Every structure is written in structure tokens, then in C-alpha cells.
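*Asks:* model the structure of this input:
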Amino acid sequence: MWEKHPDTCAVVVDPFNEKVYEFRRSMLINQISRDADKIAKSFDALHSADLEKMSALFAHCSAILTSGLFRADREEDKLRKACAELLSNALNSMVGAAYMLRGGFVLQPGPVVRSAIETMAVALHLMQFPEDFQKYQEHKFESPRAVSSAKRVFPPFGHIYGLLSREFTHIGTLHKQFTPIREYTGDEESLQLNIQFLTAGIWMCYVSCELVFLDGVAEPRYWRELPEQVEGKTAYSYEPSDEERTWMADFLGLDNPVFGGGD
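*Replies:* I've put the predicted structure just below:
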């Protein structure tokens, strides 16, 4: 005999399957605490190694950012300080996306990763076109513009940003199906896709930090500053070595969407 729980605020009866569904006041709290802990354990069982490799690159990226910020403070370099703010927030967004995915959310991390990529793109744009810094400070700079200029120097930007926009920010494939918040089994394509986006996003954070603080990187892995070609602009060349490209393929996986737009 079914008895109503004192915390129950609604009941739905399914007469066809002869089931009763209770909806309790603690439903939201349970999802983000009790249920999330169980889901996180299932995630760790499947992808702890992926998190570890992402975390290692995240740490290197944070070190470049912190060192660069100290130097920008000493030199009163307002442009690079602003870029440091942007990149720090992008890194925090990547942490947020990873946290959501680990808690069972497969649809929600995508827009956060996309936001992080747009944030990185603004930093890359300002480094190439410092004359836009005043507009940025006055809140008159339109950040989506930066994606176009960023992808010219760093091709993966446009492809990943577009894919995230189509599939996550706008109504994409995952929006057209139920995405229940439950323990992972390892068979979820959406989980693997999100792992790829997280890996790509953290890697792109590293590449962006290296460019912004290139002067302080002893052995750059991706960038070379070119002689000034146009007054007021700084030109950079994305030039990973063959050895670095091999590392990228191993770290990202050759099936990672980042390679869909060229490398």
C-alpha cells in the first residue's frame, strides 16, 4: 500500500503501467547533492585518466597566466592584465563545465565551453589589434567579432565555436531527446563528445595563454611573433613543431572535433 511521504508536493499516476510518481520538495537539492555524488563516482570510474591529463595541462596553463599577470602588473601593462582577466575567467568556465559533466549534465557544459572559447578569442583579438582595447574598456566591443579574427591566426577556433553553437547553444541534436541526469554506463555518445570538448577547450586555453604571455615563455610550443607588418598591429604565426603535433594528436585524440577545421 502506497503512503504519501510528508515531503511530497505532487503525485502523478500512470494508470497504464500502474505506477505512482512522487515529486518531493527536496528534488532539486537531492539532484545537486545526493544524486550528483553517485553520478560523479560513475564518471570517475570511466574518465579519471582523462581528467588527470586535462588537469596537468590546466596547471601549466595557470602557471603561464599567473607569471604573465605578475609581469603585467609590474610593467603596468593594462592590455595584458585585461587579457589575463579574460583567460582566468575562461579557465574557470572550463572548471564549471567539467563539474557539470561529472555531475551528470551532458547538455549544459557545451554553452559554457563555447563561452570560454569566445572569451579566449577576445584575448587573441586584442593581442592582434590593440587599437580595439579602448572599445573593449568602454564596453563597445562586440565579442563575437573576435572569433573571426582568432580563427585566422588559430584555425580550430572557428570550427569548434560553430559546432558548439549548432549543437548546444542553439537547438541541436541533444535538445531533441531526453537527457536524464543519471549514473554513467560508458555507452553515452554525449559523454564522450563532452570529454572531447573539455579536452579541446583546456588545450585552447593553453595555446591562448602562451600567445598572450609569449614574452615570458622560455620555450614556446605553438607561437612565433612576426616582424610588424602593419603599424599598430602585432602579427603572430601558429607554428607547432612536428613533435608537438604528434603530442596534440595523442592528447586530443585524432577524432577530436578540433581537427575538423584544420590544425
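*Asks:* where exactly do the strands run in this protein?
*Replies:* Here the chain has its strands, by DSSP state E, at 8-14, 19-24, 223-226, 235-238.
*Asks:* between the ones you listed, which one is nearest to E189?
*Replies:* Closest to E189 of the strands of the chain, according to C-beta to C-beta: strand 19-24, at 28.0 Å. Every residue, glycine included, has its C-beta placed from N, CA and C.
*Asks:* let me see the mean pLDDT of the closest one.
*Replies:* When pLDDT is averaged along strand 19-24, the result is 89.
*Asks:* which strands and helices sit next to that strand?
*Replies:* strand 8-14 (3 or more C-beta pairs under 8 Å, 6 or more residues apart in numbering; DSSP states H and E).
*Asks:* so what strands line up beside the strand it packs on?
*Replies:* Strand 8-14 pairs in its sheet with strand 19-24 (antiparallel), by DSSP bridges.
*Asks:* kindly export the strand it pairs with (C-alpha atoms) in CSV.
*Replies:* Coordinates of each C-alpha in strand 19-24 appear next as CSV, following Å, rounded to 0.1, in the frame of the first residue of the first chain:
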residue,chain,number,x,y,z
LYS,A,19,2.7,3.3,-11.2
VAL,A,20,2.7,6.3,-8.9
TYR,A,21,5.3,9.0,-9.2
GLU,A,22,6.1,11.3,-6.2
PHE,A,23,7.6,14.7,-6.6
ARG,A,24,9.2,15.8,-3.3
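*Asks:* can you point out the buried residues in the helix ranked longest in the chain?
*Replies:* Using DSSP state H to define each element, the chain has its longest helix at helix 36-74. Using 16 or more other C-beta atoms under 10 Å as the test for burial, helix 36-74 gives 36, 39-40, 42-43, 47, 50-51, 54, 58, 61-62, 64-65, 68-69, 71-72.
*Asks:* ok, now which ones touch T199?
*Replies:* If you count contacts by C-beta atoms under 8 Å, 6 or more residues apart in numbering, T199 has them with D50, K53, M54, F251, L252, G253, N256.
*Asks:* so where's the stretch 1-150 of the chain uncertain?
*Replies:* Flagging of the stretch 1-150 of the chain using pLDDT under 70 yields the residue ranges 1-3.
*Asks:* how near is the spatially most central residue of the chain to L86?
*Replies:* The residue lying closest to the centre of the chain (C-alpha atoms, centre = their mean) is V113, at 3.1 Å. According to C-beta to C-beta, to the nearest Å, V113 stands 15 Å off from L86.
*Asks:* what does stretch 47-55 contact?
*Replies:* The contact list for stretch 47-55 (C-beta under 8 Å, 6+ apart) reads D44, A98, R102, L191, I195, L198, T199, I202, F251.
*Asks:* out of those, who has the most neighbours?
*Replies:* I202 (27 neighbours; other C-beta atoms under 10 Å).
*Asks:* any idea how far that one is from N17?
*Replies:* Separation of I202 from N17 (C-beta to C-beta): 44 Å.
*Asks:* and H47, by the same measure?
*Replies:* Shown here: H47 relative to N17, a distance of 34 Å by C-beta to C-beta.
*Asks:* follow-up on the earlier one: nearest to Q137, of the strands of the chain?
*Replies:* Per C-beta to C-beta, nearest to Q137 of these: strand 235-238, 22.3 Å.
*Asks:* ok, and what's touching that closest one?
*Replies:* 127-128, 153-155, 207, 211, 214, 222-229.
*Asks:* which of these fall within helices?
*Replies:* Residues of the contacts of strand 235-238 located in helices (DSSP H): M127, Q128, V153, V207, L211.
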